[in-house]
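Undergrad: predicted model and sequence below, questions to follow.
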Amino acid sequence: MRPNAFSALAAALAAVALLAAPSDAGLTQPVAPSTSVAIFFYPWWGTPARDGAWQHWAQGGGNPPLAIASNYYPARGVYSSSDSNVLRSQMADIAGAKIDTVIVSWWGAGSPEDVRLPAVIAAAHNAGLQVAIHLESYPGRTPTTVAADVGRLLTMGVTDFYVYNSAFTADTEWAAMNKTLTGVRLFADTALPGKAAAGGFAGMYTYDIYTYTGSSFPRICASASRLGLVCAPSVGPGYDARRATGDPNVRPRRNGATYDAMWRMAIAARTPIVTITSYNEWHEGTQIEPARDGRPGYDSYNGAWGLHGKAAQRAYLDRTAYWVARYRKRPA
């Protein structure tokens, strides 16, 4: 999902002086309560063999399997999210990185993502993972349809919902809807705690790792806490959607330094939840899913934390496990 005009406006309103990234010193104090890590996951990939056509890999004029809509190439190849073996392997990746929850991109009843959801939930649960839903801005989405969506998905055991592009609907409409819901938590896609509170949301998240570098996480989350909101800021490795969408905006990975800096700021924010953008949003180059090394014409993770070749392919998953451990040892 590309940065949007509202994200840019929110960033301007939320801008503060750049905070120095804290060192790792002092992060081995008693474990803080209720720390949780969740990652955005996309079950929208398809292949002709399994799904009748290429799904998403051919976006932006791509010609898979040789030319795909990403600046990176998956280590497991161009896959189908309908493949149970792929799902099982992906959930093993996520669980191995010590993540707790998979936030599944969902585009409305009857969408390919909806059809695949039961299999994704089963694979996640088999790996010991919880499942949340990323309620995307599907055509015709309103607070009324979201309430119906939440009711249906609640029967599948989902209780946390992240509402993307929530700012494009009036706060009063969200507030009226949220008053009707029980037993669930809805998170607004915003960096403005006051806006999330006005909409009656239980929490907030930032998702966009191009606009939000992490420098404002401590201030945002402190404000959210004062308003009784759960703050779930989003960290990520970088952003590059040029091949998929033509977006010229790029946040370089800097051999892992971008990811490290965002994690440090999330820990400094003393937040109960950290969200990660993303496991496999290959279009935008935010993925930490293993990427193939040596594929002509594609970037790789070579150089990340001094790793090269096959050792670098899983570098971001391994580094995630490192940061999750540091996060859970943060000062209480």
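TA: Yep, it's here.

Undergrad: for residue 166, see how far away the nearest residue in space to residue 159 that is not next to it in sequence is.
TA: If you skip the residues right next to it in sequence, residue 159 has residue 184 as its closest partner in space, 5.0 Å away by Cβ to Cβ, 6 or more residues apart in numbering. To be clear about C-beta, it is placed using only N, CA and C from the backbone, and glycine gets the same treatment. Distance, residue 184 to residue 166, using Cβ to Cβ, to the nearest Å: 15 Å.

Undergrad: higher neighbour count, the two?
TA: residue 166 (25 against 16; other Cβ atoms under 10 Å).

Undergrad: I'd say the more buried one and residue 177 touch.
TA: No - proximity of residue 166 to residue 177 does not meet the contact threshold set by Cβ atoms under 8 Å, at 10.9 Å.

Undergrad: so what sits against both of the two?
TA: Taking Cβ atoms under 8 Å, 6 or more residues apart in numbering as the contact rule, residue 166 and residue 177 touch no residue in common.

Undergrad: burial measure for residue 77, as a count.
TA: Per other Cβ under 10 Å, the neighbour tally for residue 77 reads 12.

Undergrad: what do you get for residue 317?
TA: Applying the criterion other Cβ under 10 Å, we find 18 residues in the vicinity of residue 317.

Undergrad: and for residue 62?
TA: The local packing of residue 62 (other Cβ under 10 Å) involves 19 other residues.

Undergrad: that one: what's it in contact with?
TA: 54, 68-69, 243-244.

Undergrad: again, but for residue 135
TA: Contacts of residue 135 were listed using Cβ under 8 Å, 6+ apart, and they are 106, 141, 146, 149, 161-164.

Undergrad: all helices of this structure, in order?
TA: Here the chain has its helices, by DSSP state H, at 5-14, 48-51, 84-96, 112-126, 143-154, 171-178, 193-198, 217-226, 242-245, 257-268, 310-313, 315-328.

Undergrad: any idea which of these scores lowest on pLDDT?
TA: Of all the helices of the chain, the minimum mean pLDDT falls on helix 5-14 (a mean of 41).

Undergrad: sorry, back to before: of the contacts of residue 62, which pair is most distant in space?
TA: Maximum pairwise distance among the contacts of residue 62 (Cβ to Cβ): 15.0 Å, between 54 and 243.

Undergrad: of those two, which one has the most company?
TA: Relative neighbour count places residue 243 above the other of residue 54 and residue 243, with 23 against 20, counting by other Cβ under 10 Å.

Undergrad: what's the closest non-adjacent residue to that one?
TA: What sits nearest to residue 243 in space, not counting adjacent residues and going by Cβ to Cβ, 6+ apart, is residue 71, at 5.0 Å.

Undergrad: count the neighbours of that neighbour for me.
TA: By the measure other Cβ under 10 Å, the count of residues near residue 71 is 20.

Undergrad: quick one, what contacts it?
TA: When the contact criterion is Cβ under 8 Å, 6+ apart, the partners of residue 71 are 240, 242-243, 285, 298-299.

Undergrad: so what pLDDT did it get?
TA: For residue 71, the model assigns a pLDDT of 97.

Undergrad: against residue 149, how distant is it?
TA: Residue 71 sits 33 Å away from residue 149 when distances are taken as Cβ to Cβ.

Undergrad: cool, residue 51 as well?
TA: If you measure residue 51 against residue 149 using Cβ to Cβ, the figure is 23 Å.

Undergrad: compare these two (neighbour count), which wins?
TA: A direct count of neighbours by other Cβ under 10 Å for residue 51 and residue 149 places residue 149 higher, at 20 against 16.

Undergrad: is it true that the more buried one touches residue 108?
TA: Yes - taking Cβ under 8 Å as the definition, residue 149 is a contact partner of residue 108 at 7.4 Å.

Undergrad: quick check: neighbours shared by these two?
TA: Here residue 149 and residue 108 have no joint contacts, going by Cβ under 8 Å, 6+ apart.

Undergrad: sorry, back to before: the residue nearest to residue 159: what's it in contact with?
TA: By Cβ under 8 Å, 6+ apart, residue 184 lies in contact with 150, 154, 158-161.

Undergrad: could you redo the last one with a cut-off of 7 Å?
TA: Contact analysis of residue 184 by Cβ atoms under 7 Å, 6 or more residues apart in numbering lists 150, 154, 159, 161.

Undergrad: need the contacts of residue 62 in TSV (columns: distance to residue 269).
TA: Putting those into TSV (distance: Cβ to Cβ, whole Å) gives the following:
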residue	distance to residue 269
54	40
68	35
69	33
243	33
244	30
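
Undergrad: from those, pick the one nearest residue 276.
TA: If you rank these by distance to residue 276 using Cβ to Cβ, residue 244 comes first, at 19.6 Å.

Undergrad: list the contacts of the closest one.
TA: Applying Cβ under 7 Å, 6+ apart, we find residue 244 in contact with 59-60, 69-70, 283.

Undergrad: repeat the analysis, applying 8 Å as the threshold.
TA: By Cβ under 8 Å, 6+ apart, residue 244 lies in contact with 59-60, 62, 69-70, 282-284.
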